[in-house]
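> coordinates only, sequence not included:
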């Protein structure tokens, strides 16, 4: 196998692996067919349990907590939650960032699917 063939195989593998990564999607909460009149108040009550709200807009619906400090195992973390109306659904984004123990900075922020699911399930139950 020549250098060209190896390069072609390498390029194909790189392109294939890049295509295999799905983009980030927030957790979705389907709104009931009849949306309660107090949907904003119900959602606000649930999201406040995840931290103090820094954004609370009823129209269009958007709720966001500030960053709250905590730990995961021995790691120091900051977390925040965001809920917003997206079409006929609610979108739930929970972010987490870890302190770089070896350095003096926060690591890049990323999604927290477990907390998104937890918050999404609580919102769905509150809207029934």
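Great, that's in hand. Quick caveat: nothing in here was measured; it's all calculated off a predicted structure. Numbers count the residues shown, from 1 in each chain.
> Closest to the centroid, which residue in this structure?
Geometric centre of the chain, nearest residue: residue 93, 2.7 Å, by C-alpha atoms, centre = their mean.
> other SSEs contacting the one helix or strand it maps to?
Element membership for residue 93, per DSSP states H and E: strand 89-98. Packing partners of strand 89-98 (3 or more C-beta pairs under 8 Å, 6 or more residues apart in numbering; DSSP states H and E): strand 27-30, strand 75-86, strand 110-111, helix 113-126. C-betas here are computed from N, CA, C, even on glycine.
> Point out the one among these that comes closest to residue 49.
Proximity to residue 49 (C-beta to C-beta) singles out helix 113-126 among the helices and strands packed on strand 89-98, at 7.6 Å.
> Would you mind getting the angle between that closest one and strand 75-86?
If you take axes from the mean of the first three to the mean of the last three C-alpha atoms, to 10 degrees, helix 113-126 sits at 40 degrees to strand 75-86.
> Flag every buried residue along helix 113-126.
115-116, 118-120, 122-124, 126 (16 or more other C-beta atoms under 10 Å).
> quick one: which of those residues is nearest residue 43?
residue 123 (6.1 Å).
> Run through the residues that contact the residue nearest to the centre of the chain.
Residue 93 is in contact with 26-27, 81-83, 111, 116, counting by C-beta atoms under 8 Å, 6 or more residues apart in numbering.
> Quick check: closest non-adjacent residue to residue 109.
residue 97 (4.5 Å; C-beta to C-beta, 6 or more residues apart in numbering).
> Report how many residues lie close to the one you found.
The number of residues packed near residue 97 is 18, by other C-beta atoms under 10 Å.
> Specify the beta-bridge partners of it.
Beta-bridge pairing for residue 97 (DSSP bridges): residue 78.
> Please tell me I have it right and it contacts residue 78.
Yes. Between residue 97 and residue 78 there is a contact at 5.1 Å, judged by C-beta atoms under 8 Å.
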